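> What follows is a protein structure lacking sequence information:
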């Protein structure tokens with residue numbers, strides 16, 4: 001039966017794999033991994049730590065600002081705050097690969113509020129994909 005998630009596929013505009021490498025690789029700190037040779041100009045894959053799980057980036061359109069999203073679990077509250085700051089700084093710095101939205105450090109997160117939710121925050125990558133980061 002199902003034992004986990006192998007990968008989540010995210011859509012980005014055609015021709016922006018270098019932006020995906022900047023945001024997912026540099027800002028989020030995910031490790032790029034090789035894709036099949038015949039797909040190297042159309043995909044980017046990233047490992048999520050040593051979990052065996054991956055983020056796959058493919059060309060496509062995010063025409064509607066959707067609330068669907070993957071949630072990335074961080075190893076500690078300290079790492080969660082560190083990543084929130086790094087994403088916010090990239091958002092503020094701007095540039096083509098910058099997140100289009102990011103919850104400001106020290107502010108209320110942009111998701112639903114309630115005691116049921118652990119510490120978390122949200123951002124949207126440069127292509128508009130919503131991302132959650134949590135403990």
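Okay, I see it. This structure is a prediction, so every number in the text was calculated from the model and none was measured.
> quick one: low-confidence parts of the chain?
Counting by pLDDT under 70, the chain contains low-confidence ranges at 2.
> just the strands in it please.
For the chain, the strands defined by DSSP state E cover 7-12, 31-33, 43-47, 54-59, 71-73, 101-102, 120-124, 130-134.
> Which strands and helices lie in contact with the fourth one?
Contact partners of strand 54-59 among helices and strands, from 3 or more CB pairs under 8 Å, 6 or more residues apart in numbering; DSSP states H and E: strand 7-12, strand 43-47. Backbone N, C-alpha and C define where each C-beta goes, glycine included.
> Could you check the angle it makes with strand 43-47?
Relative orientation of strand 54-59 and strand 43-47, computed by axes from the mean of the first three to the mean of the last three CA atoms, to 10 degrees: 160 degrees.
> how about JSON lines for the helices and strands packed on strand 54-59, with distance to residue 74 and mean neighbour count added?
Below are the helices and strands packed on strand 54-59 laid out as JSON lines (distance: least, CB to CB, whole Å; neighbours: other CB atoms under 10 Å):
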{"stretch": "strand 7-12", "distance to residue 74": "16", "mean neighbour count": "17"}
{"stretch": "strand 43-47", "distance to residue 74": "15", "mean neighbour count": "19"}
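> Mind naming the longest helix for the chain?
In the chain, assigned by DSSP state H, the helix with the most residues is helix 77-93.
> so can I have TSV of the strands of the chain showing distance to residue 93?
Listed next are the strands of the chain as TSV, based on distance: least, CB to CB, whole Å:
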stretch	distance to residue 93
strand 7-12	19
strand 31-33	21
strand 43-47	21
strand 54-59	21
strand 71-73	21
strand 101-102	11
strand 120-124	14
strand 130-134	18
